[in-house]
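In: would you be able to build a 3D model of this:
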Amino acid sequence: MGAHPDWPGPGGIKAQMAESRYGLAYLSRVLPIISETFVVREIAALRSLGARIKVFSLFPPEDQASHPEVPELAREVEVLLQPGKLAFWWSHLFFLCRYPRRYWHCLSRYVLLAPESWRNRRRCLAFFAVAPYAAWRLRSAGVRHLHAHFGNAAASLAMPAAKLAGISFSFTVHAYDIFIDKLLLPAKLEAAAFVACISQFNIDYLRQHYPDAAARARLELVRNGIDPGRFQPSPHPPGAPPQIMAVGRLVETKGFHDLVMACARLRQEGLAYKCLIVGEGPEGDRLKKMVADLKLEDRVELPGQLPPEELLPHFQRADFLAMPACVRNNDQDGIPTVLIEAMAMEIPVVATRVSGIPELVKDGETGLLVNPDDPEALAAALARLLGDRELARGLAAAGRARVLAEFNLHRSAARLMELFREAIDSRQESLKAIRAA
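Out: Predicted coordinates for the structure are as follows:
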């Protein structure tokens, strides 16, 4: 059987590995995407530490998604869902013939015998269909460790792809990927070299809900961080009405409906303010209708989604940031990056007691916390800050100090580098022991 021109064959793979040894690969469902700036920042920080990172995306990048940290990332990313390429299907034959035990292990454990519903097994099969091609591309690039962002789609592909490629893998868990979309999560916890958790809340949640798998997993607290040099405090324009800012996907769990109701309460109390809610999503029409029904058009603005470079000036003009997250059917936020960004810029924040948020926002110390689904309490907290600028300044200064101490991107990247090195070294030691046996 002749080799396909896109398929290098075993000898070609070794040659390509020698030419391009990235060492580390990052994989996400869609990369880059505007709503996940933290992934791009993490890649940039790791590269600044000397990591050579090959970037993969299951699906094509989001249109016009550009981040100032790595503006050309969309051009360098390699999309793995390529069913139109013969090599995409040829890779199945390669691994079936060259590494049959790996191939059948992945097919049986992660698809045929997976402890999932028949509907979910179809999803498992879809990820397995991509895994051999992903494994081939990993081998071609000389990758020694694969890291996936989010424990759902990306990790569902990373687990079998790494197994087929004979390398270690890890993944970062955030919120939806452990609270809602839990496909093969116990298997992923056990198979990963480590699992980076953005909050202690996530670690405790995994240990409580998956005690057996979590006991065999290496769960590491690795904060989502920001570059403190990029997010600096800035003077606010004098004379303008105080501006309340909120940023995020317009979904119910962000609680922006409570913020609109709180804004109505603030107007009733005669307080001057403007409110900017930045984002897009399925709740957009509902929020616009609420603004119209409450006659808040002169107070509340919904400009849609903004790219990072356009969002930063709004941060610089903001007096307060609100993050009224709530829980719906166990769907909840992690620690929203926008909270970290605002606190780094010494913007006083009001947030809710949801998931890992209290690990960042300490009530009365680094910000104000209220219970979710309580627009009156949210309005009262905002009114308190509007009326007490000394309190607001004190919370803002403590908030930045908190971010610098624990949510610093450079420290998180350095910790990840340690974990990646340990995972690669451990894998090499295991291979040596197998060969010696």
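
In: pLDDT below threshold where in the stretch 1-150 of the chain?
Out: In the predicted model, the stretch 1-150 of the chain carries pLDDT under 70 at residues 1-21, 64-68.

In: what are the ranges of the strands in it?
Out: Taking DSSP state E, counting those that start in this stretch to define them, one finds strands in the stretch 1-150 of the chain at 23-30, 52-59, 78-79, 143-149.

In: same question for the stretch 201-350 of the chain.
Out: 219-221, 243-247, 274-278, 300-304, 320-323, 349-352.

In: just those: most buried one?
Out: With neighbours taken as mean count of other C-beta atoms under 10 Å, the strands of the stretch 201-350 of the chain reach their highest mean count in strand 349-352, at a mean of 28. From N, CA and C alone the C-beta is placed, and that goes for glycine too.

In: that one pairs with which strands?
Out: Sheet neighbours of strand 349-352, with direction, are listed as strand 320-323 (parallel), strand 368-370 (parallel) (DSSP bridges).

In: and M417, which of the ones you listed is closest to it?
Out: Each of the strands paired with strand 349-352 has some distance to M417 by C-beta to C-beta; the shortest is strand 320-323, at 30.0 Å.

In: contact partners of the closest one?
Out: Around strand 320-323, the neighbours that count as contacts under C-beta atoms under 8 Å, 6 or more residues apart in numbering are 242-248, 254-255, 259, 262, 333, 336, 338-339, 342, 347-352, 357, 378, 382, 385-386, 392.

In: hmm, back to that, just send the strands of the stretch 201-350 of the chain back as TSV, with mean pLDDT and distance to R75 too.
Out: Formatted as TSV, those follow (pLDDT from 0 to 100; distance: least, C-beta to C-beta, whole Å):
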stretch	mean pLDDT	distance to R75
strand 219-221	98	32
strand 243-247	97	27
strand 274-278	97	26
strand 300-304	96	25
strand 320-323	98	33
strand 349-352	98	35
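
In: dump these to CSV, plus distance to S430.
Out: Putting these into CSV (distance: least, C-beta to C-beta, whole Å) gives the following:
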stretch, distance to S430
strand 219-221, 19
strand 243-247, 44
strand 274-278, 47
strand 300-304, 50
strand 320-323, 43
strand 349-352, 43
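
In: could you pull out the helices in the stretch 151-300 of the chain for me?
Out: 153-165, 176-179, 185-191, 200-209, 211-216, 256-268, 284-293 (DSSP state H, counting those that start in this stretch).

In: tell me the most buried of the ones you listed?
Out: helix 153-165 (a mean of 28).

In: which elements pack onto it?
Out: strand 23-30, strand 52-59, helix 100-107, helix 118-140, strand 143-149, strand 168-173, helix 185-191 (3 or more C-beta pairs under 8 Å, 6 or more residues apart in numbering; DSSP states H and E).

In: quick one, it and helix 118-140 angle?
Out: Angle, helix 153-165 to helix 118-140, by axes from the mean of the first three to the mean of the last three C-alpha atoms, to 10 degrees: 60 degrees.

In: CA-only coordinates of helix 153-165 in PDB, if you can.
Out: Backbone C-alpha positions of helix 153-165 (Å, rounded to 0.1, in the frame of the first residue of the first chain) are rendered in PDB as follows:
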ATOM      1  CA  ALA A 153     -14.100  18.500  24.900                       C
ATOM      2  CA  ALA A 154     -10.400  19.300  25.000                       C
ATOM      3  CA  ALA A 155      -9.600  16.700  27.600                       C
ATOM      4  CA  SER A 156     -11.900  14.100  25.900                       C
ATOM      5  CA  LEU A 157      -9.600  14.400  22.900                       C
ATOM      6  CA  ALA A 158      -6.300  14.800  24.700                       C
ATOM      7  CA  MET A 159      -6.700  11.600  26.800                       C
ATOM      8  CA  PRO A 160      -6.800   9.100  23.900                       C
ATOM      9  CA  ALA A 161      -4.500  11.200  21.600                       C
ATOM     10  CA  ALA A 162      -1.800  11.300  24.300                       C
ATOM     11  CA  LYS A 163      -2.200   7.500  24.900                       C
ATOM     12  CA  LEU A 164      -1.900   6.800  21.200                       C
ATOM     13  CA  ALA A 165       1.100   9.100  20.900                       C
END
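
In: make 44 the starting number, not 1.
Out: Yep, numbering from 44; the last one is helix 196-208 now.

In: any residues touching it, and which ones?
Out: Against helix 196-208 from outside (C-beta under 8 Å, 6+ apart): 70-72, 101, 123, 138, 142, 145-146, 148-149, 153, 166-167, 170-171, 173-175, 177-179, 181-182, 186, 189-191, 211-212, 214, 220, 224, 226-227, 230-231, 234-235.

In: and what of stretch 260-270?
Out: Contacts of stretch 260-270 (C-beta under 8 Å, 6+ apart): 81, 84, 88, 112, 215, 232-233, 235-243, 246, 249-250, 377-378, 380, 383-384, 387, 446, 449-456, 458-459, 462.
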